Structures are given as structure tokens and as C-alpha cells.
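J.: Whatever this is, show me its structure:
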Amino acid sequence: MVTVEEELGRAVQQAFTRPVPKSAGAQMRYLVRQHRGSTQQVADLLGISRRTVERYVKGQIKHPRPQLATRLEGEVRIRWQPQVRARARQKAATTDGIMIDVQARFGYTAAAGSTDQSRIRHLDVDHD
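T.: Numbers count the residues shown, from 1 in each chain. Model prediction:
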């Protein structure tokens with residue numbers, strides 16, 4: 001199930017001016033730079049050893065396990081272009097507004113086929 005925060009994050013990513021780093025080494029170097037050169041903090045963040053982080057930074061390891069690749073990409077996307085992200089959120093909050101489309105189940109627990117049976121509904125809420 002996708003949360004509203006995840007969808008807002010995806011919408012903000014469309015405002016990025018540069019592409020997110022694609023290779024594992026570039027992503028790891030970016031995270032190390034974000035943590036002021038602390039490979040131990042990056043290792044704790046990703047659940048791997050400090051030495052493994054150092055190997056990715058040096059280019060000795062190029063292809064991470066699928067689980068690590070997913071975590072690595074997610075952490076980079078969270079931190080990528082924070083000023084562009086803030087500017088996009090500010091613009092949406094002040095001028096464009098935000099449209100939220102939510103699916104929810106409404107109704108009562110009732111016999112199948114009854115008019116009171118719960119159904120999935122679409123809700124479109126416009127936030128100005």
C-alpha cells in the first residue's frame with residue numbers, strides 16, 4: 001500500500017534538475033559526501049560493513065545485491081537535491097496547490113449484495 005507521503009515524494013522528484021546517480025559507486029560516493037565523509041554512518045544506514053562502503057567508493061565492487069541496491073537507491077533519492085525539493089513543495093503550497101487522489105473503502109459490514117455493503121471509492125481532494 002502506498003502512502004500519501006510517498007506519492008508526494010514522487011511528485012517532487014519530477015522537479016529535479018539533474019538525474020539521480022545511477023551506478024552503485026556514484027550513489028555510495030554521494031551518500032558518503034552527504035554524511036561528511038563518514039563511511040561508518042553510511043554503513044549503519046544501509047546495514048552493511050564500513051569496509052564494504054569503502055570498496056564501493058573505490059570502485060572495487062560495482063554490482064550490489066538486489067536488496068542493497070534498492071536500499072541504496074531509496075536513500076539517495078530521499079537526499080537528492082534538497083533545495084530543489086523544498087522549492088517545489090513551497091511552490092505547490094503557495095501557488096499551484098496539491099491534488100490528492102485517494103482510494104478508500106466506505107460502507108458497513110453487511111450481507112453481500114446489500115446496498116450497505118462496503119465499496120472502494122475514489123476521493124479527489126484539492127488542497128490550496
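J.: for the longest helix along the chain, the distance to its chain's centre please.
T.: For the chain, the helix with the greatest residue count under DSSP state H is helix 66-79. Remark: helix 66-79 is offset 9 Å from the chain centroid, using C-alpha atoms, centre = their mean, to the nearest Å.
J.: Who are the packing partners of it?
T.: Using 3 or more C-beta pairs under 8 Å, 6 or more residues apart in numbering; DSSP states H and E as the contact definition, the elements that helix 66-79 packs against are helix 4-13, helix 24-34, helix 39-46. From N, CA and C alone the C-beta is placed, and that goes for glycine too.
J.: Report the buried residues of it.
T.: When burial is assessed from 16 or more other C-beta atoms under 10 Å, helix 66-79 yields the following buried residues: L68, R71, L72, E73, E75, V76, R77.
J.: Just to check, the fourth one is in contact with Y30?
T.: No - the pair E73 / Y30 is not scored as a contact, 10.9 Å apart, by C-beta atoms under 8 Å.
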